[in-house]
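Enquirer: Here is a sequence with its predicted model. Questions after.
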Amino acid sequence: MRISSAGRYGKARIVRSSDRMITHYALDSRRCVPGSLFFALRGKRTDGIDHLKEAERNGAVAVLVHTEDVPRALNDSSCAVLASDDVSLALMNLATAYRALHPHVRTIGITGSTGKSTTKEAIGKIASALGPTTMTSGNLNSEYGLALSIMNLGPETKYGVFELGIDHPGEMERMTRMANPSIGVLTNIGNAHLESMGSREVIAREKAKIFHPGIEAGFICRTSRYGPLIQTLSPVELIRYSTRDVSAIDLGLDGWQISYRGVSFRIKAVGKHLLEDVAGAIRVGTHLGARPVEIAHALEDFEPLVGRSTVQGSRVTIINDTYNASLDSTRSIIRYLSRLSWRGRKSAVLGPMKELGPESRAAHLEIAKTLVRSTFTKHFLYGWEMEEAYQTIKREKGKERVSFTQDFEELEWMVRDEVTDGDLVLLKGSRVVGMERLIPTIEQGVALNG
């Protein structure tokens, strides 16, 4: 896109023009490259207008700022300046218009309370075997991240695989307007973001909007208890999927051996919940026209993104499940690892599950009950939300089996003093807690304790 002296881009006006070409889009000044258009969004902790100089140093050829920030933008930068009364709306309008320029692309939108990223990655691998594919990068599943992902579509792109994460009512409508998904996938309905959504039924109704009037096909997990409600809201008959769609042999921490329509392959995803995500991806891939052998080749040795029940470590085996935490996902990985045969000790290091609103107390107590019934020998609980869970486990298993703190540094010392060779350690907690920070601590601990 060339920045001419006239015209509007996503309802933004050109204040200072340039003959340089925009070839890239960025929301973070640190991610700008030569040819970037930098969107100076206003966030909770920072304002994009404060980072114009860095954006230009990194290669931005244009910046889009709020109208009232134009004088500062003209002073702080020498590149082209575009202005809008609402930068975020301009970004989404631009993405919507950009998507409309690529009507040949079949887009797959994935939403759900958990499992979105794993399902997206697996579908992306299958789609890539069929033709050029653009995907949501990493966990950029917000409205802004979706907009950037859409603007990576090209004339050669055949498939777009996008993750649609929402935490407020109204977001799904804006996201489907941008992405216009040809196929919708809804993994499950849980209590993630319950605080802002209000109830599970509201979550179900909002996520069901991915099945918009123009949808070609919709997929939903067969075990979803909100399936009947979501079906009534869908314009198409939804295709149900589950782990029963494949034959699978549990290989423990080595993943699963899967057979699908006579073809076998292995994935490195740990836990039945991740197997379910892959089963959904297989059904979508079949709908796209992929043959079983193509699916097998695409998913051979597939593993989820780091932080989604990924296995790492040598002397101590760490199950890194720190990307996020809900009642369903936390309970699922605890139960799976509890059943896992293991020669050494098992420890669970759990941070709080955030944004659960009025269900927070009950959810954390439910995790305590799950831990009491588990085969974990030691429990480390962190965060004020875990205090009652600590009291429950102490009462049932004894104070020597469980530790609790609200101080992360103290948690580090607790874990460092306990871990030793041959241990299995589960790390789990909501994203904002950053439980992955304990990984170096665990590695140091085993070096010290032997």
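Expert: Received the coordinates, thanks.
Enquirer: switch to C-alpha atoms for all contacts and neighbour counts from now on
Expert: Will do.
Enquirer: and the next element down the chain from the lowest-mean-pLDDT helix or strand in the chain?
Expert: Lowest mean confidence among the helices and strands of the chain (mean pLDDT, DSSP states H and E): helix 194-197, at a mean of 73. Counting by DSSP states H and E, the next helix or strand C-terminal to helix 194-197 is helix 200-207.
Enquirer: Tell me which other helices or strands that following helix touches.
Expert: Contacts defined by 3 or more CA pairs under 8 Å, 6 or more residues apart in numbering; DSSP states H and E place helix 200-207 against helix 194-197, helix 227-233.
Enquirer: outside of the least confident helix or strand of the chain, which residues touch it?
Expert: 167-169, 200, 203, 355-359 (CA atoms under 8 Å, 6 or more residues apart in numbering).
Enquirer: now do 10 Å
Expert: With contacts defined as CA atoms under 10 Å, 6 or more residues apart in numbering, helix 194-197 is touched by 166-169, 191, 200, 202-204, 206, 354-360.
Enquirer: Just the buried ones from those residues?
Expert: Neighbour counting by 16 or more other CA atoms under 10 Å classes 166-168, 191, 200, 203-204, 206, 354-357, 360 among the contacts of helix 194-197 as buried.
Enquirer: Could you find the lowest-pLDDT member of these?
Expert: Lowest pLDDT of these: residue 191, 70.
Enquirer: Helix or strand for that residue, just tell me which one.
Expert: Secondary structure from DSSP H and E places residue 191 outside every helix and strand.
Enquirer: For it, give its distance to residue 182.
Expert: Noted for residue 191: a distance of 27 Å to residue 182, by CA to CA, to the nearest Å.
Enquirer: Among the helices and strands packed on helix 200-207, which comes closest to residue 343?
Expert: For residue 343, the closest of the helices and strands packed on helix 200-207 is helix 194-197, at 38.6 Å, according to CA to CA.
Enquirer: Determine which two of the buried ones among the contacts of helix 194-197 are furthest apart.
Expert: Counting by CA to CA, the most remote pair of the buried ones among the contacts of helix 194-197 is 206 and 360, 21.0 Å apart.
Enquirer: hang on, the earlier thing: could you single out the nearest of the buried ones among the contacts of helix 194-197 to residue 415?
Expert: Relative to residue 415, the closest of those is residue 354; by CA to CA it sits at 22.1 Å.
Enquirer: what about the closest one, which SS state?
Expert: Using DSSP: H, G, I helix; E, B strand; the rest coil, the structure places residue 354 in coil.
Enquirer: what pLDDT does the spatially closest residue to it that is not a sequence neighbour get?
Expert: In this structure, residue 354 finds its nearest non-sequential neighbour in residue 430, 6.0 Å apart by CA to CA, 6 or more residues apart in numbering. pLDDT recorded at residue 430 is 93.
Enquirer: Please list all residues in contact with residue 444.
Expert: 416-417, 419-420, 438, 450 are the contacts of residue 444 under CA under 10 Å, 6+ apart.
Enquirer: Quick check: which ranges of the protein have low pLDDT?
Expert: Filtered on pLDDT under 70, the chain yields the residue ranges 1-10, 192-193, 450.
Enquirer: Regarding it, what is its longest helix?
Expert: Scanning the chain for the longest helix, with DSSP state H as the assignment, gives helix 272-288.
Enquirer: So for the helix or strand following that one, what gets flagged as buried?
Expert: Downstream of helix 272-288, the next assigned helix or strand under DSSP H and E is helix 292-299. By neighbour count with 16+ other CA under 10 Å, helix 292-299 contains the buried residues 292, 294-299.
Enquirer: Over to stretch 254-274?
Expert: By neighbour count on 16+ other CA under 10 Å, the buried set for stretch 254-274 is 255-260, 264-274.
Enquirer: For stretch 370-385, measure first residue to last.
Expert: First residue to last in stretch 370-385 (CA to CA) measures 16 Å.
Enquirer: picking up where we left off before, so of the helices and strands packed on helix 200-207, which one's packed in deepest?
Expert: Across the helices and strands packed on helix 200-207, averaging neighbours per residue (mean count of other CA atoms under 10 Å) puts helix 194-197 on top, at a mean of 18.
Enquirer: still on that earlier bit, residue 62: which of the buried residues of helix 292-299 is nearest?
Expert: Distances from residue 62 to the buried residues of helix 292-299, taken by CA to CA, are shortest for residue 298, at 38.8 Å.
Enquirer: I'd say that closest one and residue 125 touch.
Expert: Yes - applying CA atoms under 10 Å, one finds residue 298 in contact with residue 125, separated by 5.6 Å.
Enquirer: How many residues are close by the nearest residue to residue 288 once chain neighbours are set aside?
Expert: Spatial nearest neighbour of residue 288, chain neighbours left out: residue 127 (7.7 Å); criterion: CA to CA, 6+ apart. The tally of other residues near residue 127 (other CA atoms under 10 Å) stands at 28.
Enquirer: Could you give the separation of stretch 173-180 from the chain centroid?
Expert: Relative to its parent chain, stretch 173-180 has a centroid offset of 18 Å by CA atoms, centre = their mean, to the nearest Å.
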